[in-house]
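Trainee: here's my sequence, what's the structure:
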Amino acid sequence: MTASGDRSTRLVPVHIGVLENGMPVRLASGPNYSTGKPPPKPKRHPLVESGADWQQYGIEPRWIRGLDSSACAAAIDPCEYYGRGAEEWERFLQGARQRGETALVIATLVSHGKSAIPGGAEVSVRLPGDAGSVTGTRLPPGANPQLAPDLHPADKDLALRLSNMPDVTWRALTLGGKTVYHGGGGRSEYIEPEGSLQPLLVDPLGAPLAAVWTPPGGAQRWYIVPESGQLHGVLDWLVRQGLPAFVPGALRRARSPLAADPDLQTRAEAAARTALTALEATYNEQKARLNEQLKQAEAMAEPMRHALLYGTAGELADAVAGVLTAAGLDVVDLDHELGTRSADLLVTGEGRRLLVEVKSERGGAKESLVADLYRHLDTWPQLRPDQPVDGGVLVVNHEHKKDPRERSAAVYTRPEFVGSLTVAVLGSLQLFDWWRADDWSAIRRAMLTAPGQAADVPDAAVRPPSPRPKRRWLRGE
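Mentor: From the prediction side, this is the model:
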């Protein structure tokens with residue numbers, strides 16, 4: 001194959017600040033003398049660990065102790081401070097200065113055997129010279145990244161890609177200086193950080209989660225990105241967005257097919273490239289918006305789902321009240337108004353007023369649970385004589401220690417007992433199924449239908465109201 005057809009001559013060289021096997025240049029080998037324990041084993045670089053196909057992204061990786069870095073278009077996690085790594089980093093900077101180009105750097109917030117413990121609460125990226133460092137403090141799970149305002153189009157594209165990455169360890173970023181300790185017992189000196197940190201993504205409190213650091217004069221451009229096992233999208237962004245926007249000569253030097261020089265494109269190429277760029281931007285924006293909608297829906301649904309499926313006591317009663325209110329019924333919290341002297345809830349709808357008692361059982365529901373509701377119905381006229389009720393409903397979260405798919409569909413199954421009921425009995429699992437499907441009419445029918453277990457037992461007939469039988473056995477008589 002001729003040189004013109006050799007794809008390797010059309011790859012963009014990128015300096016990688018680790019060895020080809022993904023390990024850092026200097027491995028800590030001595031024990032920690034304060035604890036006597038060996039240091040944590042360094043991690044392989046995530047792009048190496050995940051098996052990145054560099055040629056797929058048009059990149060020629062130039063590892064430390066490999067090819068010369070002076071011609072590289074960008075650097076990923078440079079190693080400024082150790083031996084050969086420092087030499088290659090300096091050659092990369094010299095090459096960029098000689099060409100009058102911005103030194104574009106991608107720095108991931110993950111320890112590679114340097115100063116931070118892998119997965120620790122804090123991870124730092126050391127900035128060049130005396131510029132200081134960017135420290136990331138790990139946030140609790142569930143962090144909600146949002147786009148920072150007024151971003152450059154290329155930076156906005158990267159921010160959208162980062163927000164859509166799976167399995168991200170989000171950290172709040174701060175720009176800090178460095179402390180110099182003088183020998184001979186002299187005072188320490190704090191050197192203020194240099195440059196500025198522009199957020200790409202922020203959390204709801206405004207803390208940067210991904211950012212760009214630039215020194216005074218803007219000769220370098222450091223992208224501080226979060227830890228993830230799926231950084232491939234960052235490589236794609238580098239050659240498709242980052243380099244064209246900030247180091248355009250790099251793609252032309254490598255004769256990369258991704259070099260989009262308008263003066264050399266056909267009209268068809270320009271139109272297709274413009275349409276593709278617009279499509280990618282629209283897709284990323286829509287995906288970010290849908291991810292945000294999903295997070296909000298999950299945040300709203302999870303407390304109710306957990307309470308209806310696994311909740312007990314007040315948590316379960318509050319969830320049942322929330323579902324009935326969402327179904328259009330008027331709900332009064334009787335525990336709040338009357339304490340434990342009556343049922344949990346007073347529910348009104350379609351001209352009917354009902355007492356609702358909410359119970360939970362680790363295993364199968366005891367038939368004696370109905371006795372509490374009957375007792376509340378008997379004493380209700382003394383508590384609220386001006387508000388007569390038409391009956392009651394017992395809601396039971398039964399077998400709540402089991403997986404919901406392993407629970408019995410009906411709260412009670414003994415035919416003789418079910419046939420004797422003069423109140424409705426409803427499982428919170430059934431209530432949950434109607435709630436998640438927004439089937440409000442089914443909830444209203446189950447609550448407001450005549451007594452029996454029609455909503456809970458398959459093929460059970462709806463029975464008209466009938467006089468309550470004697471319940472000596474329920475009262476323990």
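
Trainee: can you check the pLDDT for the closest residue to Gly195 other than its chain neighbours?
Mentor: Distances taken as Cβ to Cβ, 6 or more residues apart in numbering place Pro215 nearest to Gly195, at 4.2 Å, with adjacent residues excluded. (C-beta placed from N, C-alpha, C; glycine too.) At Pro215, the model reports a pLDDT of 92.

Trainee: got the buried residues for stretch 165-185?
Mentor: For stretch 165-185, burial by neighbour count (16 or more other Cβ atoms under 10 Å) applies to 165, 168-175, 177-178.

Trainee: to clarify, my last question referred to stretch 348-368.
Mentor: For stretch 348-368, by 16+ other Cβ under 10 Å, it's 348-349, 353-361, 365, 367.

Trainee: roughly how far out does that stretch sit from the chain middle?
Mentor: 36 Å (Cα atoms, centre = their mean, to the nearest Å).

Trainee: which parts of the protein are helices?
Mentor: 46-49, 83-99, 153-163, 232-237, 243-246, 248-253, 267-310, 313-326, 334-338, 369-383, 415-420, 428-436, 440-448 (DSSP state H).

Trainee: which residues touch the fourth one?
Mentor: Outside helix 232-237, the residues within contact range by Cβ atoms under 8 Å, 6 or more residues apart in numbering are 47, 50, 52, 54, 57, 59, 106, 154, 157-158, 161-162, 164-165, 225.

Trainee: how about a cut-off of 10 Å?
Mentor: By Cβ atoms under 10 Å, 6 or more residues apart in numbering, the surrounding residues in contact with helix 232-237 are 14, 46-47, 50-54, 56-59, 61, 76, 106, 108, 154-155, 157-162, 164-165, 223, 225, 228, 231, 242-243, 280, 284.

Trainee: among these, name the buried ones.
Mentor: Going by neighbour count (16+ other Cβ under 10 Å), the contacts of helix 232-237 have 14, 46-47, 52, 57-59, 61, 76, 106, 108, 154-155, 157-162, 164-165, 223, 225, 228, 231, 242-243, 280, 284 buried.

Trainee: got a list of what Ala278 touches?
Mentor: Ala278 neighbours (Cβ under 10 Å, 6+ apart): none.

Trainee: next, the buried residues of stretch 122-139.
Mentor: In stretch 122-139, counting by 16+ other Cβ under 10 Å, buried: 122-128, 131-136, 138-139.

Trainee: measure Arg352 to Leu426 for me?
Mentor: 15 Å (Cβ to Cβ, to the nearest Å).

Trainee: meant to ask about Thr266, not that
Mentor: 69 Å.

Trainee: same thing with Ile443?
Mentor: Ile443 is 9 Å from Leu426, by Cβ to Cβ.

Trainee: one more: Leu139?
Mentor: The spacing between Leu139 and Leu426, counted by Cβ to Cβ, is 40 Å.

Trainee: do the same with Pro204
Mentor: 38 Å.

Trainee: so for these two, which residue has more residues nearby?
Mentor: Applying other Cβ atoms under 10 Å to Pro204 and Leu426 shows that Leu426 carries more neighbours, namely 23 against 9.

Trainee: can you name the residues bridging to that one?
Mentor: Val395 (DSSP bridges).

Trainee: wait, it touches Gly392, no?
Mentor: No - counting by Cβ atoms under 10 Å, Leu426 does not reach Gly392; the two are 11.1 Å apart.

Trainee: which residues do those two both contact?
Mentor: Val356.

Trainee: let me see the domain layout of the protein.
Mentor: Domains of the chain are assigned by automatic domain parsing as 3-261, 265-301, 311-448.

Trainee: least reliable of those going by mean pLDDT?
Mentor: Looking at the domains of the chain, the weakest mean confidence is domain 3-261, a mean of 80.

Trainee: just how off-centre is that domain within its chain?
Mentor: On Cα atoms, centre = their mean, the centre of domain 3-261 falls 23 Å from that of its chain.

Trainee: distance of Arg362 from Val411?
Mentor: Where Val411 is concerned, Arg362 sits at a distance of 14 Å (Cβ to Cβ).
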